[in-house]
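Q: below is the structure, and that's it, no one-letter string:
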């Protein structure tokens, strides 16, 4: 299993009125780490769109909140693929405090392969064989 570890610090703008991370921020970070994971394994999503007319669109996401993030917490976000199907890939994200390793959030996302050559007629397609082979190697 190949993992991408991304570091991040909680900043003032990430907080809600209680002084903890505003929950949509975790979804933003997870989405960004999903894109970075594809890049890390050699599949730049922008290149797939430009050169092959496909994208991996987000169809499902979830988070389990364990411990609240606070101002200036240093975090590590560990991203890994955990499931590959004919049209979808599942990514798992574990967010921990960098110093203690304390679990903060567990997140999952499912991305589906989309033919986006005509944005008015988006539809799912099987993951092309060469891309599936790359994805199989990282699970």
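A: In hand now; what should we look at? Please read these numbers as outputs of a predicted model, since none were measured by experiment. Numbering: from 1, shown residues only.

Q: pLDDT on stretch 32-42, on average?
A: For stretch 32-42, mean pLDDT is 97.

Q: quick one: that stretch to chain centroid distance?
A: 8 Å (Cα atoms, centre = their mean, to the nearest Å).

Q: buried ones in it?
A: 33-34, 37-38, 40 (16 or more other Cβ atoms under 10 Å). C-beta: built from backbone N, CA, C; applies to glycine.

Q: same check, this time on stretch 102-116
A: In stretch 102-116, counting by 16+ other Cβ under 10 Å, buried: 104-105, 107-114, 116.

Q: nearest to residue 23, of those?
A: residue 105 (9.0 Å; Cβ to Cβ).

Q: now for the particular helix or strand that has the closest one in it, which elements pack on it?
A: Taking DSSP states H and E as the definition, one finds residue 105 inside strand 103-115. Strand 103-115 sits against helix 24-40, strand 54-65, strand 88-97, strand 123-124, with contacts defined as 3 or more Cβ pairs under 8 Å, 6 or more residues apart in numbering; DSSP states H and E.

Q: can you list the strands that the last one pairs with?
A: It refers to strand 123-124. Strand 123-124 sits in its sheet next to strand 103-115 (antiparallel), going by DSSP bridges.

Q: looking at the helices and strands packed on strand 103-115, which is closest to residue 47?
A: helix 24-40 (9.4 Å).

Q: quick one, the closest one and strand 88-97 angle?
A: Counting by axes from the mean of the first three to the mean of the last three Cα atoms, to 10 degrees, helix 24-40 lies at 120 degrees to strand 88-97.

Q: name the helices or strands packed onto helix 24-40?
A: strand 3-9, helix 45-52, strand 54-65, strand 74-84, strand 88-97, strand 103-115.

Q: closest one to residue 130 among the helices and strands packed on strand 103-115?
A: Of all these, strand 54-65 comes closest under Cβ to Cβ, at 11.6 Å.
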